[in-house]
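1. could you work out the structure for the sequence below:
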Amino acid sequence: MLCKLLSATEISGYPNSYFHNPSLSSWLKSFNLSNNDFTSSREALRAIFAAARNKGTGKTEIFGLRLQRGSFDFFMEQIGVLYPDIHGDQNRVQAAFGQTLFIHLTRENKLNQAISCVKAQQTGLWHMAADGTELERLSAPKKPFYNAAEIERHIIEFTEYDVAWNAWFSQQSLEPLRITYNELSDSPAEVLANILERLGLDRKTAYGISPPVAKLADGINRNWEKRFRAGLDTTQ
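-> Numbering: from 1, shown residues only. This is a model prediction of the structure:
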C-alpha cells in the first residue's frame with residue numbers, strides 16, 4: 001500500500017520489492033538480464049542495480065525501494081560485493097542509491113499480521129485493489145483453514161524480524177522514520193504527507209491521493225483471532 005501511495009504522487013519514485021527473492025538469478029530474471037552477458041558477479045550486480053534504479057526512479061528524482069527482513073542479509077552481502085572498498089552498511093546503501101531516508105514500517109499486532117500472512121499463503125490472494133479486483137495472486141484460489149501452529153510460527157518470525165531491524169538501526173546509528181500498520185491504515189494521506197515532507201517534497205500532494213488497495217481482513221480473520229487467543233496460556 002505504501003509503495004503504491006508513493007508511486008501515485010509521481011514525484012517520490014516508484015518503490016517496489018526489486019530485491020525480494022534472495023537469489024542473484026532471480027534478480028537477473030526480474031530485470032530481463034542474463035548471467036551469460038557478464039564476466040563476473042560484480043559486473044552482473046552493476047547491471048542489476050542500474051536496472052533497479054531506473055525502474056524505481058522513473059521520471060522522478062527519487063529512487064524508492066522496499067526491503068523485507070527475510071531477504072535483507074542477502075541484499076547486504078551483494079551490495080558488499082558491489083562496493084568492497086566502502087565500509088558500513090549505511091555507507092554502502094548510500095553509495096548505491098544516494099542520500100537515503102530509511103523508513104521502518106511495522107505491524108504492532110503480530111497476531112493479526114500472522115493471520116493475514118497464513119490466510120494469504122493458503123488462498124493465494126495477497127493484494128486486492130480498492131475496487132475489489134485482484135492485484136496479486138500467487139496461486140490458484142483455495143479455501144483457507146485454521147492452523148494455530150502456522151500462525152504461532154509467523155508470530156515468532158515477525159517478532160524476530162523487528163528485533164533484527166532495530167538491532168541493525170542501532171548498529172548503524174540510524175533513527176528511521178517509523179510508521180505502524182495502524183497509522184498507515186487509519187491515516188494514509190497524513191502518513192504519505194509526512195514522508196513527502198521528509199523527502200523535501202510538497203506534502204499537499206498527498207491529500208489528493210486515494211488508497212489504491214483494499215483490506216483483505218474479514219470474518220475469517222476475526223474468527224481465527226478469537227480461536228487463537230482462546231487457546232493461549234493465560235499467563236502469556
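2. gap between the residue positioned nearest the centre of the chain and residue 56?
-> Nearest to the geometric centre of the chain sits residue 66, at 4.3 Å (C-alpha atoms, centre = their mean). Residue 66 sits 9 Å away from residue 56, going by C-beta to C-beta, to the nearest Å. For glycine as for every other residue, the C-beta is placed from the backbone atoms N, C-alpha and C.
3. repeat that for residue 192.
-> 17 Å.
4. ok, now residue 151?
-> 33 Å.
5. pull the helix ranked longest in the chain out as PDB, backbone CA atoms only.
-> The longest helix of the chain (DSSP state H) is helix 148-171. Extracted in PDB, the C-alpha atoms of helix 148-171 (Å, rounded to 0.1, in the frame of the first residue of the first chain):
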ATOM      1  CA  ALA A 148      -2.700 -22.500  15.000                       C
ATOM      2  CA  ALA A 149       0.900 -23.800  14.600                       C
ATOM      3  CA  GLU A 150       1.500 -21.800  11.400                       C
ATOM      4  CA  ILE A 151       0.100 -18.700  13.000                       C
ATOM      5  CA  GLU A 152       2.300 -19.100  16.000                       C
ATOM      6  CA  ARG A 153       5.300 -19.700  13.800                       C
ATOM      7  CA  HIS A 154       4.700 -16.500  11.900                       C
ATOM      8  CA  ILE A 155       4.200 -14.500  15.100                       C
ATOM      9  CA  ILE A 156       7.700 -15.600  16.200                       C
ATOM     10  CA  GLU A 157       9.200 -14.900  12.800                       C
ATOM     11  CA  PHE A 158       7.700 -11.400  12.600                       C
ATOM     12  CA  THR A 159       8.800 -10.600  16.100                       C
ATOM     13  CA  GLU A 160      12.300 -11.700  15.300                       C
ATOM     14  CA  TYR A 161      12.300  -9.500  12.200                       C
ATOM     15  CA  ASP A 162      11.500  -6.400  14.200                       C
ATOM     16  CA  VAL A 163      14.300  -7.300  16.700                       C
ATOM     17  CA  ALA A 164      16.700  -7.700  13.800                       C
ATOM     18  CA  TRP A 165      15.700  -4.500  12.200                       C
ATOM     19  CA  ASN A 166      16.100  -2.500  15.400                       C
ATOM     20  CA  ALA A 167      19.400  -4.100  16.100                       C
ATOM     21  CA  TRP A 168      20.600  -3.100  12.600                       C
ATOM     22  CA  PHE A 169      19.300   0.500  13.000                       C
ATOM     23  CA  SER A 170      21.200   0.700  16.300                       C
ATOM     24  CA  GLN A 171      24.300  -0.800  14.900                       C
END
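6. report the rounded mean pLDDT for the helix or strand just after it.
-> Remark: after helix 148-171, the chain's next helix or strand is strand 177-180, criterion DSSP states H and E. The average of the pLDDT scores along strand 177-180 is 98.
7. on contacts alone, who are the packing partners of strand 177-180?
-> Secondary-structure packing of strand 177-180 (3 or more C-beta pairs under 8 Å, 6 or more residues apart in numbering; DSSP states H and E): strand 103-106, helix 188-198.
8. same list (the ones you listed) but as CSV, adding distance to residue 206.
-> Shown next, in CSV, are the helices and strands packed on strand 177-180 (distance: least, C-beta to C-beta, whole Å):
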stretch, distance to residue 206
strand 103-106, 15
helix 188-198, 4
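9. wait, which of these is closest to residue 123?
-> Ranking the helices and strands packed on strand 177-180 by proximity to residue 123 (C-beta to C-beta) places strand 103-106 first, at 23.1 Å.
10. how about that closest one: buried residues?
-> Of all the residues in strand 103-106, those buried under the rule 16 or more other C-beta atoms under 10 Å are 103-105.
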